[in-house]
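Participant: fold the stuff below for me.
(2 chains)
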Amino acid sequence: MLNSFNDAYEEESSITGKDIIKQLIENARIAKSESMPICQDTGYTVIFLEIGQDVYFEGGSLEEAINEGVRKGYSEGYLRKSIVSHPLDRINTGDNTPAVIHTRIVTGDNFKITVVPKGGGSENVSAVKMLKPAQGAEGVMDFVVKTVKEAGPNPCPPIIVGVGIGGTFEKAALLAKESLLRPLGQPSKDDYGVWLEQELLERINKLGIGPQGLGGSITALAVHVNFFPAHIASLPVAVNINCHASRHKKVEL
Amino acid sequence: MKQVNLTTPLKEADIAKLRIGQRVLFNGIIYTGRDLAHKRLFELLEEGKELPINLKEQVIYYVGPSPAKPDQVIGSAGPTTSGRMDVYTPELLARGLKGMIGKGKRSPEVINAIKEYKSVYFAAVGGAAALISKSIKSCRVAAYPELGPEAIHELVVENFPAIVVNDILGGDLYEEGKKIYAVK
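Facilitator: I've put the predicted structure just below:
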């Protein structure tokens, strides 16, 4: 993240933009030296599990164990509790539970947990759209750029743009979120993806939104695109935006 | 770059001089308030009841801080997205609120109300939450402790940094900034 900030500082043409990136670098330094959150929104705890099919869990509930971990982590780490128990009643659960858990069963006997605290500001400007196959790559790019343009200053640019293309309605959204787990700026493994990521980054950075939306040449630090096979009738596209506080941690047991 | 020192409560003469793009440093008391606190204040006004804080000439900072560690005044405390408060804002400005600090675009209704009630909207750097917390010197809950991070806190700040985004002339830095750097 810091390397990316340093590059962005060099490339940004606006003085205000440069100054904001400098503040973000200083913020990261303070957060590290004082072990405090870089952003007060310590997010919805999204958990990705990869469970080897030869792994056997004995006794208790895996889901409850994960939520207990969230409870403990958010309390002992002085992280903000940002979850309300019902989306309409809106009473804070007080311990940031429950986590959103995505599980994949894979071969082998490993158990991998990836924790992704996702802030609300950037999640709120994310979007899914079912395009027509005839709209192709241009249609995809128009939708992604439009989503970033409408988001403007709200998701705390410079942002990271996760794009999921293909699958079904919900699969596209998950692909977009998973693309954000990739190390920042690591290109797609797919040639079409590499091209699309570069093209999108260029178009997004021409919007002029800039750091914090106050005008500038660095609106996005990176675009990550993930694909999945699609139905003959469908071209689902999802855009999941991440602010510059891109936090994730992986452990393997 | 030149910075303007602002002491709260905000006087009309100070606000009249502010223009979009100017950097300011706040000194004095500011109040925190976000979604649920705004909803409650708005409902009290609708019912004609008294508010738990006096809004006259005050500044509200849209923030839900993270908890303070035992040796801290406050945890990380960066701005939240202001647009969610838009539906409540014109009414609060009509009752004397003068300044708002947050991040992100305001609605046309809010931008008009800022002009009409001679007030001002500032942006703080979203995500610079650890850095911003250093300018907060004291923090106490002023209302709604049961709302946790959404409670109204009274903060005493020293050289709290922000940028003028919407001024009394109806200017909007987000629109102007984008125009300069957009590439056709």
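
Participant: OK, contacts around A:Val225?
Facilitator: For A:Val225, the contact set (CB atoms under 8 Å, 6 or more residues apart in numbering or on different chains) comprises A:Val163, A:Gly164, A:Ile165, A:Ser179, A:Ser188, A:Asp190, A:Gly193, A:Leu196, A:Glu197, A:Leu200. All C-beta spots, glycine's among them, are computed from the backbone N, C-alpha and C.

Participant: how about the secondary structure of it?
Facilitator: With DSSP: H, G, I helix; E, B strand; the rest coil as the basis, A:Val225 sits in strand.

Participant: what's the spacing between it and A:Ile159?
Facilitator: Per CB to CB, to the nearest Å, A:Val225 is found 15 Å from A:Ile159.

Participant: go on, A:Asp190?
Facilitator: 22 Å.

Participant: more crowded one of the two?
Facilitator: Just comparing A:Asp190 and A:Ile159: by other CB atoms under 10 Å in any protein chain shown the higher neighbour count belongs to A:Ile159, 26 against 13.

Participant: leaving out chain neighbours, which residue sits closest to residue 171?
Facilitator: Defaulting to chain A. A:Phe228 (5.8 Å; CB to CB, 6 or more residues apart in numbering or on different chains).

Participant: other chain: chain B
Facilitator: Per CB to CB, 6+ apart, closest to B:Gly171 is B:Ile20, 4.1 Å.

Participant: neighbours around the one you found, how many?
Facilitator: By the other CB under 10 Å criterion, the neighbourhood of B:Ile20 contains 21 residues.

Participant: so who does it touch?
Facilitator: Counting by CB under 8 Å, 6+ apart, B:Ile20 touches B:Val164, B:Val165, B:Asn166, B:Asp167, B:Gly171, B:Asp172, B:Leu173, B:Glu176.

Participant: what strands line up against the helix or strand of chain A with the lowest mean pLDDT, and which way round?
Facilitator: Ranking every helix and strand in chain A by mean pLDDT, DSSP states H and E puts strand A:249-252 at the bottom, with a mean of 90. Here strand A:249-252 is paired, per DSSP bridges, with strand A:111-118 (antiparallel).

Participant: returning to that earlier point: top of the contacts of A:Val225 by neighbour count?
Facilitator: In the contacts of A:Val225, the most neighbours by other CB under 10 Å go to A:Val163, 29 neighbours.

Participant: and it, how far from A:His248?
Facilitator: Taken as CB to CB, the span from A:Val163 to A:His248 is 17 Å.

Participant: which SSE is immediately downstream of the one helix or strand the residue nearest to A:Lys171 maps to?
Facilitator: For A:Phe228, the host element (DSSP states H and E) is strand A:220-230. Counting by DSSP H and E, the next helix or strand C-terminal to strand A:220-230 is strand A:235-242.

Participant: mind checking how far that following strand is from the chain centre?
Facilitator: 11 Å (CA atoms, centre = their mean, to the nearest Å).

Participant: does that strand come close to chain B?
Facilitator: No. Strand A:235-242 is not in contact with chain B by CB under 8 Å from any CB of the partner chain; minimum separation 11.0 Å.

Participant: give the partner strands of that strand in its sheet and their orientations.
Facilitator: Assessed with DSSP bridges, strand A:235-242 is paired to strand A:127-131 (antiparallel), strand A:159-167 (antiparallel).

Participant: same list (these) but as CSV, adding mean pLDDT and distance to A:Glu11.
Facilitator: What follows is the strands paired with strand A:235-242, written out as CSV (pLDDT from 0 to 100; distance: least, CB to CB, whole Å):
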stretch, mean pLDDT, distance to A:Glu11
strand A:127-131, 98, 27
strand A:159-167, 98, 15
